[in-house]
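Colleague: need a 3D model of the following:
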Amino acid sequence: MIRRLLSASLLVVISAAGSIAHSQMMRPQDVDKLPSTPADKRISYGTDALQFGDLRLPKSQGPHPVAIVIHGGCYLARFADLQSTAAVSSALTGAGIATWNVEYRRVDNPGGGWPGTFQDISLGVDYLRTLAKTYPLDLNRVVIVGHSAGGHLALWAAGRARLQKGSTLHTADPLRVQGAINLAGPGNLRSVFPIQKDVCGSTPITALFGGSPEEVPDRYKIASPAEMLPLNVEQVLITGERDRAVPPKYGQEYEREARQSGDKVKMIVVENAGHFEVIAPGTPAWTVVENAIKSLLRMTPQQK
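Modeller: Purely as a prediction, here's the structure:
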C-alpha cells in the first residue's frame, strides 16, 4: 500500500492483489449477499416497527468498544435496509468491536423524511445508553460508521450536540462519540443536491428535507453537516476512487470546509474501489476502513 498526498487528502493506493479481486465494481445486491453472522439480539429502540437495531457482541470479555452502524440507500427503503451493513457489522464484531446496526424510517416509509428520519437516528444512537445497562458496552469508546446516505447521517449524529435548544432536531443530552466514519457519503447536502436524480433515479434529498436548499434553508442549516461545522468530533471520510454515486470531489470539498472550521478530519481515497467496496469485508478497501475505525477507537495492538 502506497500513500501520497493529493489535494490535501490522503490517497491510499492499494495493490490489485487481495483476497477478492475485482475487475468490475460491486453492486448493492453483491453486498447484500456477503456472509455475516446472525445478530445476538434484535432490539427495538422505539415504538415504530422500523425503530430497531441488531446488536452483535464479540466473544471476548467486555466492556467492548462500539461501532454504531448506519446503512445507506438514497434514504429510500426500496433500495436498502440494515442487511446492506450486516457484513460490516459482523466483520467488526469479529475484530473485537460490538456493533449496533440501526434501522430507521426512510422517506418512503410512513413517518420518514423530515423530521422523522433524523429523529430515528437520534433515538437509535442514544439508545446505546440503555443497551449498556444490560450488555458489556464501553460508552467511552463509541464511533458512528455510516455508508452512503448513512455516511451523511453518521456525521450529523456525531455533531448534533451543536444544535441549539429549540431546534426541531435538538436533543437535550446526545450521546458523545469519539468520532464518525463517513463511507462514500455526502457531507454537504447542498453540493450533492443537483445530482440526486442522476444517482438515485428520484429526488430523495428533496423528500428528506421537504424542499430544496433555497426553499427550506433553515432545515439544511441544522441537518447538513457542512452547515453545522465545526462538528467538534474527529472525522474520517473514505471513498473509492471509482465511486460514481458520490465521487471523491464531494468528500474533498467537505474535508476542506471541515478543516477550515477547526475540525480534525482526514479523507482517504481508495484506488480501484467503487461505492460498495468500502462496505465489503475481504476487499482491500475494507482493510482501510477497519484500520480507520480501530484507530478512532484507540484500540491497543492486543485488541487489534
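Colleague: and the closest residue to residue 193 other than its chain neighbours, how far is that from residue 46?
Modeller: Distance criterion CB to CB, 6 or more residues apart in numbering; nearest residue to residue 193, sequence neighbours excluded, is residue 205 at 5.5 Å. C-betas here are computed from N, CA, C, even on glycine. Taking CB to CB, to the nearest Å as the criterion, residue 205 is separated from residue 46 by 24 Å.
Colleague: more crowded one of those two?
Modeller: Here residue 205 and residue 46 are set side by side on neighbour count (other CB atoms under 10 Å), and the busier one is residue 205, at 28 against 15.
Colleague: a helix runs through the more buried one, doesn't it?
Modeller: Yes. With DSSP: H, G, I helix; E, B strand; the rest coil as the criterion, residue 205 is part of a helix.
Colleague: quick one: residues contacting it.
Modeller: Contacts for residue 205 were tallied using CB atoms under 8 Å, 6 or more residues apart in numbering; they are 75, 189, 192, 193, 196.
Colleague: ditto for residue 55
Modeller: The neighbourhood of residue 55, defined by CB under 8 Å, 6+ apart, consists of 39, 40, 41, 42, 43, 98, 99, 100, 101, 131, 135.
Colleague: do that again at 6 Å, thanks
Modeller: Contacts for residue 55 (CB atoms under 6 Å, 6 or more residues apart in numbering) come out as 40, 41, 43, 100.
Colleague: possible to save those residues as TSV with neighbour count and secondary structure?
Modeller: Conversion of the contacts of residue 55 to TSV gives the following (neighbours: other CB atoms under 10 Å; DSSP: H, G, I helix; E, B strand; the rest coil):
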residue	neighbour count	secondary structure
40	15	coil
41	14	strand
43	16	strand
100	27	strand
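Colleague: how about those in CSV, adding distance to residue 106 and pLDDT?
Modeller: Conversion of the contacts of residue 55 to CSV gives the following (distance: CB to CB, whole Å; pLDDT from 0 to 100):
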residue, distance to residue 106, pLDDT
40, 25, 98
41, 23, 98
43, 20, 98
100, 18, 98
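Colleague: report the two of the residues you listed separated the most.
Modeller: The widest separation within the contacts of residue 55, taken as CB to CB, falls between 40 and 100 and amounts to 10.8 Å.
Colleague: for the residue nearest to residue 193, give its distance to residue 229.
Modeller: 19 Å.
Colleague: quick check: closest non-adjacent residue to residue 69.
Modeller: Leaving aside its sequence neighbours, residue 69 sits nearest to residue 101 (CB to CB, 6+ apart; 4.5 Å).
Colleague: ok, then the element right after the one helix or strand that neighbour maps to?
Modeller: Residue 101 is part of strand 98-102 when elements are defined by DSSP states H and E. Taking DSSP H and E as the definition, the helix or strand that follows strand 98-102 towards the C-terminus is helix 116-126.
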